[in-house]
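next input, structure requested:
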Amino acid sequence: MGNTYVSDRRYIHRLLSKTATSEEVLIVTSYDYFLQKYDLAALLKRYKEVILIPHSDNDDYLLNHTVRPLLDKFEKIHLVTNPQYDRRNRVIYELVIRKNKSIRITTVYDFCEKYLKKVYIPDNISEINPNLLVIPVFGRRIRYPKKIIDITISIILFLLTFPVWIFSFFRIKFQSPGPVFYYQERVGMDRKPFYCIKFRSMGLDAEANGASFSKKNDSRTFSYGSYMRQTRIDELPQIINIFRRDLSLIGPRPERQVFTETFDELIPYYNYRHNIKPGITGYAQVMYSYGAGIYDARHKLMYDLYYIRNWSLFLELKIIFLTAFVIFGKRGR
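Coordinates of the predicted model:
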């Protein structure tokens, strides 16, 4: 997708676009961890070049020997600033002004939300400002259309997939004796626990060694269980959770309490995702690749918070469409 230029031990990532129509160059003063390959692909359609500046112990060397020469090529500069790197931001700004270039400045918070459609969560705990991020609780204006969508699509989905329920019942019984449905306690809205219902896709001893994240190609699944997970058939019984008002169709994925307790301690703003009902599918599920652990939970949270802060009927329908694309394509991002 691009080239990496190395100068001694100091380096930047310089990504060259072949499709962008803009003559603008994007400079990100510190890209931490939040720029994924999907983000970079989108940015390279907008900018001629994207310059990502990593952490460095010698900013003067890095900026003067690498950034300064690149500025000669462009008349327009878009600088994405990070409060953690105030000095670096000032140096780049002065370099641009000295060369009489045009510059626009966007904070990393605004940049993520406007261009990447996710909410920036600082990687450095010292940057955390609990007053900076306002996360709303859905009012009637949002709850009512969501409820109509939930009930309507759930009824249609149940009627269309009822033969799959019957088929799955007998296949599970044949391949893995035991209960057909799997009940697992999850954390819902306002941290209230509920039992999430799924078709059982693993053996009865799957968690003999304790709770653990599920993963792709999980060895604990039996043959048809693996197929159900790949095609999301195992998620169908969660329609019952929607009728019970435990779940919404769209929302943050409900997690187990043993994991949410850890995430609450280690991931800033994680508790905000409990402001709304969790969902069978969600913005994070269709925008982020399958993953587990703190790193992936932090990335997914950025999308969940964007969904809560920027809910619209269009976004709701878009997620439903993308979910269908993922299911019928038998793949995730």
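
any idea whether the most centrally placed residue in the chain is helix, strand or coil?
Nearest residue to the geometric centre of the chain (CA atoms, centre = their mean): residue 300, 3.2 Å. Taken by DSSP: H, G, I helix; E, B strand; the rest coil, the conformation at residue 300 corresponds to helix.

helix or strand for the nearest residue to it once chain neighbours are set aside, which one?
Spatially, and ignoring its direct neighbours in sequence, residue 300 is nearest to residue 284 (3.8 Å; CB to CB, 6 or more residues apart in numbering). Every C-beta, even on glycine, is put in place using the N, C-alpha and C of the backbone. Per DSSP states H and E, residue 284 falls inside helix 283-287.

can you check residue 96 too?
Residue 96 is part of helix 86-98, with elements assigned from DSSP H and E.

wait, a strand at residue 277?
No. Looking at residue 277 with three-state DSSP, it is coil, so not inside a strand.

that one contacts residue 186, doesn't it?
No. In this structure, residue 277 is not within contact of residue 186 by CB atoms under 8 Å, at 11.5 Å.

looking at those two, which is more packed in?
The neighbour comparison of residue 277 against residue 186 (other CB atoms under 10 Å) goes to residue 277, with 24 against 21.

which residues touch the more buried one?
Contacts for residue 277 (CB atoms under 8 Å, 6 or more residues apart in numbering) come out as 188-189, 246-248, 251.

let me know the closest of those to residue 198.
Taking CB to CB as the measure, residue 198 lies nearest residue 247 of the contacts of residue 277, at 11.7 Å.

from the chain's centre, how far out does stretch 248-267 sit?
13 Å (CA atoms, centre = their mean, to the nearest Å).

can you offset everything so residue one is 3?
Okay, using 3 as the starting number, the last item reads as stretch 250-269.

buried residues, that stretch. List them.
250-257, 261-262, 265-266, 269 (16 or more other CB atoms under 10 Å).

got it, and stretch 185-196?
Buried residues in stretch 185-196, counted by 16+ other CB under 10 Å: 188-191, 196.

what do you get for stretch 150-157?
For stretch 150-157, burial by neighbour count (16+ other CB under 10 Å) applies to 151-152, 155-156.

what sits up against that stretch?
Residues outside stretch 150-157 that contact it (CB under 8 Å, 6+ apart): 241, 244-245, 250-252, 318, 322.
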